[in-house]
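Colleague: With the sequence up front, the predicted model follows.
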Amino acid sequence: MSLLEEWAQWPDFAKATGKEYSFRKITTNVVLITPDLVGKFPRLWECDIFDATRENNLCRLKHEHRMLSEAYRAGICVPKPEGMFTVTIGKSELLKKLYSLTGEKLPAFVMQYVNGQKLSVFKEIPPEINDLWQREIKKATKLGFEPFDAMDWNAIFNPEQNKVYLIDLEYWKRK
(Lines give C-alpha, C1' and ligand atoms only; values in the text may rest on other atoms or scores of the structure.)
Protein backbone atom coordinates (compact mmCIF):
# COMPACT_ATOMS: atom_id res chain seq x y z
CA MET A 1 0.00 0.00 0.00
CA SER A 2 1.36 3.43 -0.90
CA LEU A 3 1.57 6.17 1.69
CA LEU A 4 -1.14 8.10 -0.16
CA GLU A 5 -3.44 5.08 0.19
CA GLU A 6 -2.39 4.65 3.81
CA TRP A 7 -3.28 8.19 4.90
CA ALA A 8 -6.74 7.72 3.42
CA GLN A 9 -7.17 5.05 6.12
CA TRP A 10 -6.11 7.30 9.03
CA PRO A 11 -8.95 8.09 11.44
CA ASP A 12 -10.89 11.30 11.04
CA PHE A 13 -9.80 13.68 13.82
CA ALA A 14 -13.27 14.96 14.74
CA LYS A 15 -14.81 11.49 14.81
CA ALA A 16 -11.89 9.94 16.70
CA THR A 17 -11.61 12.65 19.36
CA GLY A 18 -15.11 14.13 19.49
CA LYS A 19 -13.53 17.60 19.21
CA GLU A 20 -14.77 20.39 16.96
CA TYR A 21 -12.44 22.21 14.58
CA SER A 22 -11.60 25.87 14.53
CA PHE A 23 -8.79 26.82 12.17
CA ARG A 24 -6.26 29.58 12.89
CA LYS A 25 -2.95 29.84 11.05
CA ILE A 26 0.22 29.78 13.14
CA THR A 27 2.89 29.14 10.51
CA THR A 28 2.91 28.14 6.87
CA ASN A 29 1.76 24.56 7.49
CA VAL A 30 0.84 24.52 11.21
CA VAL A 31 -2.72 25.44 12.07
CA LEU A 32 -4.44 25.71 15.46
CA ILE A 33 -7.37 23.30 15.12
CA THR A 34 -8.67 23.36 18.72
CA PRO A 35 -7.71 25.68 21.60
CA ASP A 36 -5.07 23.17 22.76
CA LEU A 37 -4.08 21.26 19.62
CA VAL A 38 -2.34 22.09 16.34
CA GLY A 39 -2.34 20.20 13.09
CA LYS A 40 0.79 20.08 11.00
CA PHE A 41 0.01 19.51 7.35
CA PRO A 42 2.38 18.29 4.63
CA ARG A 43 3.72 20.94 2.33
CA LEU A 44 1.58 19.77 -0.57
CA TRP A 45 1.69 23.17 -2.24
CA GLU A 46 5.42 22.70 -2.92
CA CYS A 47 4.66 20.15 -5.61
CA ASP A 48 2.24 19.39 -8.36
CA ILE A 49 -0.79 17.42 -7.17
CA PHE A 50 0.26 14.42 -9.28
CA ASP A 51 3.97 14.66 -8.47
CA ALA A 52 5.66 11.81 -6.58
CA THR A 53 7.13 14.33 -4.13
CA ARG A 54 3.65 14.64 -2.67
CA GLU A 55 4.12 11.19 -1.18
CA ASN A 56 7.59 12.26 -0.03
CA ASN A 57 6.00 15.15 1.91
CA LEU A 58 3.65 12.68 3.60
CA CYS A 59 6.63 10.47 4.42
CA ARG A 60 8.41 13.44 6.09
CA LEU A 61 5.29 14.21 8.12
CA LYS A 62 5.02 10.59 9.26
CA HIS A 63 8.75 10.57 10.14
CA GLU A 64 8.33 13.73 12.22
CA HIS A 65 5.42 12.12 14.07
CA ARG A 66 7.60 9.10 14.86
CA MET A 67 10.53 11.26 16.05
CA LEU A 68 8.27 13.45 18.21
CA SER A 69 6.55 10.40 19.71
CA GLU A 70 9.88 8.78 20.56
CA ALA A 71 11.30 12.03 21.97
CA TYR A 72 8.16 12.60 24.08
CA ARG A 73 8.32 9.06 25.50
CA ALA A 74 12.03 9.56 26.24
CA GLY A 75 11.26 12.63 28.38
CA ILE A 76 12.51 15.33 26.02
CA CYS A 77 10.52 18.56 26.23
CA VAL A 78 8.53 18.43 22.99
CA PRO A 79 4.81 18.95 22.28
CA LYS A 80 2.73 15.90 23.19
CA PRO A 81 1.85 14.03 19.99
CA GLU A 82 -1.80 13.07 19.55
CA GLY A 83 -1.50 11.08 16.33
CA MET A 84 -1.88 11.05 12.59
CA PHE A 85 -5.36 11.93 11.36
CA THR A 86 -7.30 13.12 8.39
CA VAL A 87 -8.78 16.57 8.90
CA THR A 88 -11.88 17.70 7.06
CA ILE A 89 -11.39 21.12 5.51
CA GLY A 90 -15.11 21.85 5.49
CA LYS A 91 -15.79 25.58 5.41
CA SER A 92 -12.27 26.64 6.42
CA GLU A 93 -11.30 29.32 3.92
CA LEU A 94 -7.81 29.29 5.44
CA LEU A 95 -7.17 25.66 4.53
CA LYS A 96 -8.88 26.02 1.16
CA LYS A 97 -6.43 28.83 0.33
CA LEU A 98 -3.41 26.88 1.58
CA TYR A 99 -4.47 23.69 -0.16
CA SER A 100 -6.11 24.37 -3.49
CA LEU A 101 -6.86 20.68 -3.81
CA THR A 102 -9.95 18.85 -4.78
CA GLY A 103 -11.40 16.84 -1.96
CA GLU A 104 -12.31 17.69 1.58
CA LYS A 105 -9.75 15.81 3.65
CA LEU A 106 -6.09 16.46 4.39
CA PRO A 107 -3.54 14.40 6.29
CA ALA A 108 -2.37 16.00 9.54
CA PHE A 109 -0.03 15.28 12.39
CA VAL A 110 -1.89 16.52 15.48
CA MET A 111 0.00 17.57 18.60
CA GLN A 112 -0.22 19.76 21.70
CA TYR A 113 -0.30 23.50 21.14
CA VAL A 114 2.56 25.16 23.02
CA ASN A 115 1.82 28.73 24.02
CA GLY A 116 4.97 30.81 24.03
CA GLN A 117 7.58 32.52 21.89
CA LYS A 118 10.03 31.05 19.44
CA LEU A 119 13.54 31.71 20.67
CA SER A 120 14.30 33.38 17.34
CA VAL A 121 12.22 36.42 18.39
CA PHE A 122 14.71 37.31 21.12
CA LYS A 123 17.36 39.77 20.02
CA GLU A 124 19.59 38.02 22.52
CA ILE A 125 18.37 34.83 24.21
CA PRO A 126 18.43 35.35 27.99
CA PRO A 127 21.03 33.06 29.62
CA GLU A 128 18.50 31.16 31.76
CA ILE A 129 16.35 30.40 28.69
CA ASN A 130 19.41 29.46 26.65
CA ASP A 131 20.41 27.04 29.47
CA LEU A 132 16.98 25.36 29.31
CA TRP A 133 17.25 25.07 25.53
CA GLN A 134 20.78 23.66 25.56
CA ARG A 135 19.80 21.20 28.31
CA GLU A 136 17.02 19.77 26.10
CA ILE A 137 19.34 19.49 23.09
CA LYS A 138 21.99 17.71 25.20
CA LYS A 139 19.33 15.41 26.65
CA ALA A 140 18.14 14.51 23.15
CA THR A 141 21.70 13.78 22.01
CA LYS A 142 22.43 11.70 25.12
CA LEU A 143 19.25 9.67 24.50
CA GLY A 144 20.37 8.75 20.99
CA PHE A 145 18.76 11.42 18.87
CA GLU A 146 20.56 13.50 16.27
CA PRO A 147 18.70 16.80 16.67
CA PHE A 148 19.50 18.21 13.26
CA ASP A 149 18.16 21.73 12.79
CA ALA A 150 17.85 22.38 16.54
CA MET A 151 18.04 26.10 15.88
CA ASP A 152 16.39 28.97 17.76
CA TRP A 153 13.46 29.04 15.30
CA ASN A 154 12.72 25.40 16.23
CA ALA A 155 12.36 26.03 19.96
CA ILE A 156 9.51 27.66 21.90
CA PHE A 157 9.85 29.16 25.38
CA ASN A 158 6.74 28.79 27.55
CA PRO A 159 7.09 31.32 30.40
CA GLU A 160 4.22 29.86 32.48
CA GLN A 161 5.98 26.49 32.67
CA ASN A 162 9.52 27.89 32.40
CA LYS A 163 10.26 25.29 29.72
CA VAL A 164 11.77 25.29 26.26
CA TYR A 165 10.00 22.95 23.84
CA LEU A 166 11.89 21.58 20.84
CA ILE A 167 9.75 21.57 17.69
CA ASP A 168 10.00 20.66 14.00
CA LEU A 169 11.72 17.31 14.36
CA GLU A 170 11.18 16.36 10.72
CA TYR A 171 14.94 16.10 10.04
CA TRP A 172 15.91 14.42 13.33
CA LYS A 173 17.37 10.92 13.28
CA ARG A 174 18.17 8.19 15.77
CA LYS A 175 21.79 7.14 16.18
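Modeller: Perfect, thanks for sending it. Numbering: from 1, shown residues only.
Colleague: Break the protein down into its domains, please.
Modeller: Taking automatic domain parsing as the criterion, the chain consists of the domains 3-112, 117-174.
Colleague: would you list these in JSON lines and tack on mean pLDDT and mean neighbour count?
Modeller: Just so you know, the C-beta spots here come from the backbone N, C-alpha and C atoms, and that holds for glycine as well. Below are the domains of the chain laid out as JSON lines (pLDDT from 0 to 100; neighbours: other Cβ atoms under 10 Å):
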{"stretch": "domain 3-112", "mean pLDDT": "76", "mean neighbour count": "17"}
{"stretch": "domain 117-174", "mean pLDDT": "95", "mean neighbour count": "16"}
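Colleague: ok, now which ones touch Ile156?
Modeller: Contact partners of Ile156, counting by Cβ atoms under 8 Å, 6 or more residues apart in numbering, are 114, 116-119, 164-165, 167.
Colleague: For it, which three-state class applies?
Modeller: Following DSSP: H, G, I helix; E, B strand; the rest coil, Ile156 is assigned to strand.
Colleague: tell me how far the ends of stretch 155-170 are from each other?
Modeller: Distance across stretch 155-170, first residue to last, is 13 Å (Cα to Cα, to the nearest Å).
Colleague: Could you tell me how far it lies from the centre of the chain?
Modeller: 12 Å (Cα atoms, centre = their mean, to the nearest Å).
Colleague: residue contacts, the one residue sitting closest to the centre of the chain?
Modeller: For the chain, the residue sitting closest to the mean C-alpha position, by Cα atoms, centre = their mean, is Lys40 at 4.5 Å. Contact analysis of Lys40 by Cβ under 8 Å, 6+ apart lists 29-30, 61, 64, 108-111.
Colleague: what's near enough to touch Arg42?
Modeller: Not Arg; residue 42 is Pro. 29, 54, 57-58, 60-61, 107.
Colleague: Tell me if Ser69 really is in a helix.
Modeller: Yes. Ser69: assigned to a helix according to three-state DSSP.
Colleague: can I assume Leu132 sits in a strand?
Modeller: No. Counting by three-state DSSP, Leu132 is not found in a strand; it is helix.
Colleague: Ignoring the adjacent residues along the chain, who's closest to it?
Modeller: Closest residue in space to Leu132, ignoring its immediate chain neighbours: Val164 at 4.3 Å, by Cβ to Cβ, 6 or more residues apart in numbering.
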